[in-house]
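Q: Give me a 3D structure for the following:
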Amino acid sequence: METDPTQLHLDGRDHPSLGDLRDPSHPVVAAHLATCEMCRRLVGQTGLSLPGGLVSESAFRWPADAVARGGMAQIFLADDRRLSRQVILKAPRDGEELPAPLLQMFQQRIAAEAKVLAKLQHPAIVTIYELGRASTGWPFCVLEKVEGRSLRDHLDELAVDEAADGRPRTRERLELLSSLVSVAEAIAYAHERRVVHRDITPNNILLGKRGEATLIDWGIARDLDAPSLMDIDGPLDASASGRMVTISAGTPPYIPLEQSQGRAAEPSFDVYSFGVCLYEVVAGRTPFVWKALPEQSEREAQMHAFLRWLSSGERAPAAAPKDSELSGIIARAMHREPGERFTADELVRALKQYLTGDLVFSHRYSLSGRVSRWVRRRPAVAASLAVALVALVVTAVVFARLSRTAQRAAESQQMAIAARLDAKEKEQAAELAREESEKASARAAAAEREGKDARALRDIAEKRRLEAEARRNEFEQAAATAKGDADDAVARFRDAVKERELADKARDEAKLAQANAESQRDAADLARQAAQKERDTARGAERAAIEERAQAVAAQKAADAARAEADVAREGARRDEVAARAERDEARALAQTAQQDAATARQQLASLEARVRELEQRLAGQGPGPAPEPAPAPPPAP
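A: Residues are numbered from 1 along each chain as shown. Sure thing, here's the model as predicted:
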């Protein structure tokens, strides 16, 4: 006999799989049923109780084959004859190979799913239109047809593309991550209404063309306010109830340890399962690599390995090693301890903060991390500040260059002034020497005229004249040198003036660049304000769409109720019409019988009258004559 490793009890005991329970006459199954109260209750489920007035399958055009089949249900794409629309019909599995108890359990699951979906009205949760009853008595759900592909198909396609060229599809995976926020909101909404999905996998998440996501397949969802299937016949012991949860709920490798152990359903189940989905979206694999294996023995070995991995508490590698924020969010959602996980509302908050660039409330940041997140959150403001900082640095550099140029120009101007003063002093000294030489020549001439030792005076005068000329030559040479220095100083001054003009030009260009930066910053601010307005408008439109959808759902429900009342009234009128026709046919038959009786009576009356006349003739002494012909019977009354 095959055993299902997912049915391990807390004491390690194996239970028969659902396939084995189909044959309770099997010796091993019979021996197990003799000692297992839970399995006996599973095989001995009571019949199904459905409300009256449900729509029948004749209201839909059913296809011959199902588009999908699961462990307990089958899915049909049908046409609603009443509203001319396509719907999804979810019916329990059937077949001669299934025993009656399992069929009853599957039917109960369908009815329970209808009640769960009736409590939930959310854009990211599939909508139920109504619950129907087939002519055979089994129920079926009429569900909204959701356009889109499963998250599993998207992940498989990304894996194929990445394997083909070796290039990671990070952008596409982050786009999928942003689409899954609405699924997290749907989970939080369901938890507020005390409903646990218990089977959140990529196969049960549909993504539309515009990125909208829908959570489907609530067949094993648990309404925490309603009795479970095992509670129908009365309360069970804790161990039996726990094992029932294990048998009926969960898909490895997306279930947490406590769900694999058969504990009572908790909202933390869904948070863990959704965290594994997020891990697979980001990392391209599940924390425990799960494979589709053909052999039963291989599948059992893989299941045991998965259960050992769950029990070991081994931490999975980071989903995104280069992104500690995202890895931290996913790791906390998949925490081994249920109390350490996010609530669904906290998970929604963390994902939104991450995707919008805000600081994630559950993450610890360094100073550089806070700055980088601030830049990511406000790119327009950061760009404006960067432009302003660059303009400030350029302005500071230009002003520094202008200051150095002005200082060099002032120094050159001072050197030129000093050279001009030195040259002027030397020129004055040469002029004094020339005047003394002229005075000496005059005295020599006077001495020669006076005849007083003219030769000696002339020699002295000549000597003084030569000395004066030598000093004048020195002064002239010094003046020439000073003039050259002054010319150099003037040239340097002119160069300094040119540099100052260039610096002024650079300063003007810096001011122009600063003005352009300020205008760009203003434009960025305007763009940011416009983007904020557009985002607010989009949010308003989204809220309006949600309200319109809610109103449409309410209107649809009202229309369905009115349609149901009309169907009831039409059915009553049809029954009255049939009864009236039956009464009319009965009256016609009675009228025909009365006509026939009247004709017979008239014939008998005519015969009696003829016999009376014959008797009268005999009594009158007349011989018997020929009997008169009976009068013709009058035609029957219409």
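
Q: Check what pLDDT Ser607 gets.
A: Per-residue confidence (pLDDT) for Ser607: 88.

Q: swap in Ser273?
A: With respect to pLDDT, Ser273 scores 97.

Q: I'd like the distance between Gly148 and Ile200.
A: According to CB to CB, to the nearest Å, Gly148 stands 17 Å off from Ile200. In this view, the C-beta of every residue, glycine as well, is placed from N, C-alpha and C.

Q: Name the residue in these two with the higher neighbour count.
A: Taking other CB atoms under 10 Å, Gly148 and Ile200 do not tie; Ile200 has more neighbours (26 against 18).

Q: Name all residues that make contact with that one.
A: Counting by CB atoms under 8 Å, 6 or more residues apart in numbering, Ile200 makes contact with Ile187, Leu215, Tyr254, Asp270, Ser273, Phe274, Cys277.

Q: Asp560 too?
A: Tyr129, Glu130.

Q: What of Gly53?
A: Each residue near Gly53 by CB under 8 Å, 6+ apart is listed here: Ala564, Val568.

Q: picking up where we left off before, now render the contacts of Ile200 as TSV, adding secondary structure and neighbour count.
A: Conversion of the contacts of Ile200 to TSV gives the following (DSSP: H, G, I helix; E, B strand; the rest coil; neighbours: other CB atoms under 10 Å):
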residue	secondary structure	neighbour count
Ile187	helix	28
Leu215	strand	27
Tyr254	coil	26
Asp270	helix	27
Ser273	helix	26
Phe274	helix	26
Cys277	helix	26
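
Q: and which of those residues is nearest to Asp223?
A: Distance to Asp223, by CB to CB, is smallest for Asp270 among those, at 13.5 Å.

Q: how close does the closest one sit to Asn473?
A: According to CB to CB, Asp270 and Asn473 sit 110 Å apart.

Q: For the stretch 1-150 of the chain, give me the ranges with low pLDDT.
A: By pLDDT under 70, the weakly predicted segments of the stretch 1-150 of the chain are 1-26, 30, 37-49, 95-99.

Q: cutoff 90 now
A: Residues of the stretch 1-150 of the chain meeting the criterion pLDDT under 90: 1-57, 62-73, 92-111, 134-138.

Q: so where do the helices sit in it?
A: Assigned by DSSP state H, counting those that start in this stretch, the stretch 1-150 of the chain shows helices spanning 18-21, 27-35, 37-43, 100-119.

Q: Dump the contacts of Ile200 to CSV, plus distance to Asp422.
A: CSV is the format used below for the contacts of Ile200 (distance: CB to CB, whole Å):
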residue, distance to Asp422
Ile187, 94
Leu215, 96
Tyr254, 97
Asp270, 96
Ser273, 96
Phe274, 91
Cys277, 91
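
Q: So which of those is the closest to Ala283?
A: Nearest to Ala283 among the contacts of Ile200, with distances taken as CB to CB, is Cys277, at 11.2 Å.

Q: Setting aside sequence neighbours, what's the nearest residue to the closest one?
A: Spatial nearest neighbour of Cys277, chain neighbours left out: Pro202 (5.8 Å); criterion: CB to CB, 6 or more residues apart in numbering.

Q: ditto for Gly132
A: Residue nearest to Gly132 in three dimensions, not counting chain neighbours: Val55, with 4.4 Å by CB to CB, 6+ apart.

Q: quick one: that neighbour and Val142 touch, right?
A: Yes - with contact defined as CB atoms under 8 Å, Val55 counts as touching Val142 (7.2 Å).

Q: will you turn the helices of the stretch 1-150 of the chain into CSV that also has mean neighbour count and distance to Gly339?
A: Listed next are these as CSV, based on neighbours: other CB atoms under 10 Å; distance: least, CB to CB, whole Å:
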stretch, mean neighbour count, distance to Gly339
helix 18-21, 18, 32
helix 27-35, 13, 35
helix 37-43, 19, 28
helix 100-119, 19, 26
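
Q: For those helices, give me TSV that also has distance to Ser324.
A: As requested, the helices of the stretch 1-150 of the chain are arranged in TSV below (distance: least, CB to CB, whole Å):
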stretch	distance to Ser324
helix 18-21	43
helix 27-35	50
helix 37-43	45
helix 100-119	38
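
Q: What about Ala221, how many residues nearby?
A: Ala221 has 23 nearby residues by other CB under 10 Å.

Q: Quick one: residues contacting it.
A: Applying CB under 8 Å, 6+ apart to Ala221 gives the contacts Ala112, Glu113, Val116, Ala190, Val195, Val196, His197, Arg198, Asp199.

Q: if we go to 7 Å?
A: By CB atoms under 7 Å, 6 or more residues apart in numbering, the contact list for Ala221 reads Glu113, Val116, Val195, Val196, His197, Arg198.

Q: Would you check that the first one makes contact with Asp217?
A: Which is Glu113. No - Glu113 lies out of contact with Asp217 (CB atoms under 7 Å); the separation is 8.6 Å.

Q: re earlier: give the intersection of the neighbour lists for Val55 and Val142.
A: Common neighbours of Val55 and Val142 (criterion: CB under 7 Å, 6+ apart): Glu130, Gly132.

Q: Now do Ser241, the pLDDT please.
A: Note on Ser241: pLDDT of 31.

Q: lowest confidence element among the helices and strands of the chain?
A: None of the helices or strands of the chain scores lower by mean pLDDT, DSSP states H and E than helix 238-248, at a mean of 32.

Q: Sketch out the strands for this structure, chain order is fine.
A: For the chain, the strands defined by DSSP state E occupy 60-61, 68-69, 73-80, 85-92, 128-133, 139-143, 149-150, 195-196, 205-207, 213-215, 222-223.

Q: what about Ala319, how many neighbours?
A: 23.

Q: quick one, phi/psi of it?
A: Note on Ala319: backbone dihedrals following degrees, to the nearest 10 are phi -60, psi -40.

Q: let's have the chain start at 593 instead
A: With 593 as the first residue, the last one maps to Ala911.

Q: From Met664, how far off is the nearest residue to Trp730 once chain neighbours are set aside?
A: Nearest residue to Trp730 in three dimensions, chain neighbours excluded: Gln699, at 5.0 Å (CB to CB, 6+ apart). Relative to Met664, Gln699 is positioned 9 Å away (CB to CB).

Q: can you list residues touching both of these two?
A: Common neighbours of Gln699 and Met664 (criterion: CB under 7 Å, 6+ apart): Pro684.

Q: Report the contact partners of Cys869.
A: Cys869 makes contacts with Ile792, Thr793, Pro794, Tyr846, as judged by CB under 7 Å, 6+ apart.

Q: rerun that using 10 Å as the cut-off
A: The neighbours of Cys869, taking CB atoms under 10 Å, 6 or more residues apart in numbering as the test, are 743-744, 747, 768, 772, 775-776, 792-794, 796-797, 846, 878, 922, 925.

Q: Tally up the residues packed near the residue nearest to Gly724, please.
A: 20.

Q: Not counting sequence-adjacent ones, nearest residue to Ile792?
A: With sequence-adjacent residues excluded and distances taken as CB to CB, 6+ apart, Ile792 is closest to Ser865, at 4.0 Å.

Q: Who are the contact partners of that neighbour?
A: 779, 789-793, 796, 842-843, 845-848, 851, 925-926.

Q: repeat that for 7 Å
A: The contact partners of Ser865, by CB under 7 Å, 6+ apart, come to Ile792, Thr793, Tyr846, Ile847.

Q: Run a quick neighbour tally on the last one.
A: Neighbour count for Ile847, taken as other CB under 10 Å: 24.

Q: mind putting the contacts of Ala813 in TSV, distance to Leu1211 included?
A: Putting the contacts of Ala813 into TSV (distance: CB to CB, whole Å) gives the following:
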residue	distance to Leu1211
Glu705	97
Val708	99
Val787	104
Val788	108
His789	108
Arg790	108
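
Q: hmm, which two among the residues you listed are most spread apart?
A: The most widely separated members of the contacts of Ala813, counting by CB to CB, are Glu705 and Val788 (13.1 Å).

Q: about what we covered before: let me have the strands of the chain in CSV, adding distance to Ala1172 as columns.
A: Output for these, formatted as CSV (distance: least, CB to CB, whole Å):
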stretch, distance to Ala1172
strand 652-653, 31
strand 660-661, 47
strand 665-672, 32
strand 677-684, 35
strand 720-725, 29
strand 731-735, 34
strand 741-742, 54
strand 787-788, 49
strand 797-799, 51
strand 805-807, 49
strand 814-815, 47
